[in-house]
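Student: quick one: sequence and predicted model below, then my questions.
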Amino acid sequence: MKTSMTKVSVALAMLALSGVATAGIANTKHNLGSSSNAGNGGAGWNWTNATSEICVFCHTPHGADSGGAAAPLWNRALTTATGVYTIYSSLGTSTLDAASVDPTDSGSVSLACLSCHDGTQAMDSTLNTPGAGANGAPVGTTNGTNTGANGWVEFQSMSEVSAEIIALGTDLSNDHPIAIQYAGAADGRLALDPDFNAATSATIASGTVWFVETGGAVGFDKADLKLFAANGGTLNGEALVECATCHDPHTENTTFLRNPNGNEGSATCLTCHNK
């Protein structure tokens, strides 16, 4: 009986966590399904009423991308060719003293974000469509006939949203550096540069996690700015600043920032930068 109750407790805990995650996405622009605010009259959101699923636009239980980026069961094609992105270090900024590489060189988790936000493929292009749909087919209809209460057309083409932040493009030289050592330290973990706050570590089930504390609860939590280990390439094994260092796609925080205060008073910037 004890074993059975333990299994039930674990199952309920997992279900509860799943519900929290879904609730966080359901009310944000990362919900591209029929339950999104776009389909209910929210302006400026891409959406489709072809499916009520929420997670499918990023994750799939079967047939996920095997490109190696640290994103679980990713349901979109990842860029693997080097030279696709123009990175921040191409500017030759004299104060940049940390190693920075093409995201594809580090097996960067940022490639998962860029698989949608670099604008090279439609936002609803998935490897495994909902139900028994054909793999690789768009989930919705680009510029289709489905509209929200405000007349918003289902899934604008990327050319129509190219001026918006959701389509960053492949030139990342005007964005915060990614696939870059934190604070320029030799091992990419400790802030040797006095202009940066020191990172700390915690041991969880998956191993050691390096992060910069936001000043909230002691120990690693979702509000802390996480550093990601490179998966091969020039910076193999080093903890790097990536898109997901500052942004959590599963939160309702403003612009998906991990810090619940957003960047009010430059709170997110000052978590890392000692200025």
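Tutor: Done, it's in.
Student: burial measure for the closest residue to residue 262 other than its chain neighbours, as a count.
Tutor: With sequence-adjacent residues excluded and distances taken as CB to CB, 6 or more residues apart in numbering, residue 262 is closest to residue 254, at 4.1 Å. C-betas here are computed from N, CA, C, even on glycine. Counted with other CB atoms under 10 Å, the neighbours of residue 254 add up to 12.
Student: isn't residue 119 right next to residue 172, touching?
Tutor: No. The pair residue 119 / residue 172 is not scored as a contact, 11.9 Å apart, by CB atoms under 8 Å.
Student: that's a helix at residue 268, yeah?
Tutor: Yes. Read with DSSP: H, G, I helix; E, B strand; the rest coil, residue 268 is one of the residues of a helix.
Student: got a list of what it touches?
Tutor: By CB atoms under 8 Å, 6 or more residues apart in numbering, the residues touching residue 268 are 225, 246, 257, 258, 259, 262.
Student: contacting residues around residue 56?
Tutor: Residue 56 makes contact with 33, 75, 126, 128, 129, 130, 139, according to CB under 8 Å, 6+ apart.
Student: is it true that the third one touches residue 63?
Tutor: No. Residue 126 lies out of contact with residue 63 (CB under 8 Å); the separation is 9.5 Å.
Student: looking at the two, which is more packed in?
Tutor: Neighbour totals were compared for residue 126 and residue 63, and residue 126 leads with 25 against 14 (other CB under 10 Å).
Student: check contacts around the more buried one.
Tutor: The contact partners of residue 126, by CB under 8 Å, 6+ apart, come to 56, 57, 60, 75, 76, 136, 138, 139.
Student: now those residues in JSON lines, with distance to residue 242?
Tutor: Listed next are the contacts of residue 126 as JSON lines, based on distance: CB to CB, whole Å:
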{"residue": "56", "distance to residue 242": "23"}
{"residue": "57", "distance to residue 242": "20"}
{"residue": "60", "distance to residue 242": "22"}
{"residue": "75", "distance to residue 242": "19"}
{"residue": "76", "distance to residue 242": "17"}
{"residue": "136", "distance to residue 242": "27"}
{"residue": "138", "distance to residue 242": "27"}
{"residue": "139", "distance to residue 242": "26"}
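Student: out of these, the closest to residue 197 would be?
Tutor: Lowest distance from residue 197 to the contacts of residue 126 (CB to CB) belongs to residue 76, with 33.6 Å.
Student: the chain: helices as residue ranges?
Tutor: Counting by DSSP state H, residue ranges of the helices within the chain are 2-26, 110-117, 243-246, 267-272.
Student: lowest average pLDDT across these?
Tutor: When these are compared by mean pLDDT, helix 2-26 comes last with a mean of 45.
Student: tell me how far the nearest residue to residue 177 once chain neighbours are set aside lies from residue 33.
Tutor: Nearest residue to residue 177, sequence neighbours excluded (CB to CB, 6+ apart): residue 88, at 4.0 Å. Distance of residue 88 to residue 33, computed by CB to CB, to the nearest Å: 34 Å.
Student: let me know the pLDDT of residue 91.
Tutor: Residue 91 carries a pLDDT value of 93.
Student: contacting residues for it?
Tutor: Contact analysis of residue 91 by CB under 8 Å, 6+ apart lists residue 173.
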